[in-house]
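**Q** generate a structure from the sequence data that follows.
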Amino acid sequence: MLVPSALRGRTGVVAGGLLIALLLFAVLPRVAPGAQSSSQLQGTIDQQKGRERQLRTTAQKLGALEASASKAVAAAQGRLAEVQQEYGVAQGKLTATTTNLRTTRAKLVRLRRKLEQGRDQLAAVLRNRYTADRPGVIDVVVSSKGFSQLLERIDFLKRVQASDTKLVDLVRDSRDAAKTDEAQFARLRVTQAREAQQAATRRDAMASMTAGLEQRRASLAQAHQARVDALSNARAKRRGAERTLAKLEAAQAKAAKQYTAPSATPRAVGGSKGGGSSWAIPWAIVQCESGGQNFTPNYLGASGYYQFMPATWKALGGSTPNAYQASKAEQDRLAAKLWNGGAGARNWDCAAIVGITG
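**A** The predicted structure is shown next:
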């Protein structure tokens, strides 16, 4: 969409203007070539005032949207911090569980090795007991120094056997417990990995949303500042025109009684002042779209005074392949049809830019 670099002035055409100019020529001060007449200056002032109102309204809307976007960005940033914290907690749990799983697996390896060693030792003891010559009862009794020593030896042998069996059972139970812990930690790790991934997905989505909101806020801020700057320039031009008009009127008042006929101000079919001719939609949109010029197709294909896309132009019944090839009258007629009393304003992107649509 093209925006003109300067506003176009309107030249009021008054009945009898030429006669008045001839009557006052001898007494009015000389005007430098290219200087505007009082009617032209008044037209410029009126146009600038209208532009100021339009820019002020648009700037206010953009300012409100910027403030709303700033609130949304702040809320999104807060939510992003919460989601990031949730991801950190989930990742911490996953790390702890992974560490526990590795420790448990290492413990299980050690217990299995210890169990194998215990079994080997127990097997060796059993083999020795069964292969060695078993002492007779008489030898045990004779070699024992008293009955108490005999009982002590028998009890010792029983305790050695029980101790070996108990050691093997303890290692086996520890191994089974470690296997159970390993299975639990493995399942827990899978669950926590899934939760961490979900948290990461939420975090990434929220980060993307926050970045989009921040970009929107920045765009609104830029547009708002642009409207404020344009409003300042429009005010400066209007005040300059007012000062020039005041000087001209003061000089004319000294020479003769000024006669000012009502200037003819072209109006658009859409109800807005035009840039020197009639328009089928508000001039502000035309000014934003083409600056009132019959452009050839741009890189998207839009052309003409109203920047019709080829498909839209064809659907409306255009007689030429592209809008710019048709007469202004035909472009006005089809633009008015598309405008539809304002119901079709959203067909022009500039309607939102100048504040006609949301």
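**Q** all helices for the stretch 1-150 of the chain, in order.
**A** 17-25, 38-131, 137-143, 147-255 (DSSP state H, counting those that start in this stretch).
**Q** counting neighbours, what do you get for the closest residue in space to Ala223 that isn't next to it in sequence?
**A** Distance criterion C-beta to C-beta, 6 or more residues apart in numbering; nearest residue to Ala223, sequence neighbours excluded, is Leu62 at 5.3 Å. For the C-beta atoms, the positions are set from N, CA and C on the backbone; glycine is no exception. Look at Leu62: counted by other C-beta atoms under 10 Å, it has 23 neighbours.
**Q** isn't Leu62 up against Arg217?
**A** No - using C-beta atoms under 8 Å, Leu62 is not in contact with Arg217; the gap is 11.1 Å.
**Q** picking up where we left off before, for Trp283, which of the helices of the stretch 1-150 of the chain is the nearest?
**A** helix 38-131 (8.9 Å; C-beta to C-beta).
**Q** so what secondary structure elements neighbour that closest one?
**A** Where contact means 3 or more C-beta pairs under 8 Å, 6 or more residues apart in numbering; DSSP states H and E, helix 38-131 is packed against helix 147-255.
**Q** quick one: average confidence on the helix it packs on?
**A** Throughout helix 147-255, pLDDT has a mean value of 85.
**Q** swap in stretch 53-73?
**A** If you average the pLDDT over stretch 53-73, you get 91.
**Q** please renumber the chain so that the first residue is 97 from this point on.
**A** From this message on, residue numbering opens at 97, which makes the last subject stretch 149-169.
**Q** name the residues that touch that stretch?
**A** 306, 309-310, 312-313, 316-317, 319-320, 323-324, 326-327, 330, 380, 449-451 (C-beta atoms under 8 Å, 6 or more residues apart in numbering).
**Q** of those residues, buried ones?
**A** 306, 309-310, 313, 316-317, 319-320, 323-324, 326-327, 330, 380, 449-451 (16 or more other C-beta atoms under 10 Å).
**Q** okay, and for the stretch 347-454 of the chain, where does confidence drop off?
**A** 347-373, 454 (pLDDT under 70).
**Q** among the helices of the stretch 97-246 of the chain, which comes closest to Ala441?
**A** Shortest distance between Ala441 and these, using C-beta to C-beta, is found for helix 134-227: 14.7 Å.
**Q** can you state the direction angle for that closest one and helix 243-351?
**A** 170 degrees (axes from the mean of the first three to the mean of the last three C-alpha atoms, to 10 degrees).
**Q** how distant is helix 134-227 from the center of its chain?
**A** The chain centroid and the centroid of helix 134-227 are separated by 18 Å under C-alpha atoms, centre = their mean, to the nearest Å.
**Q** how about stretch 292-308?
**A** 12 Å.
**Q** what lies in contact with it?
**A** 169, 172-173, 175-176, 179-180, 182-183, 186-187, 189-190.
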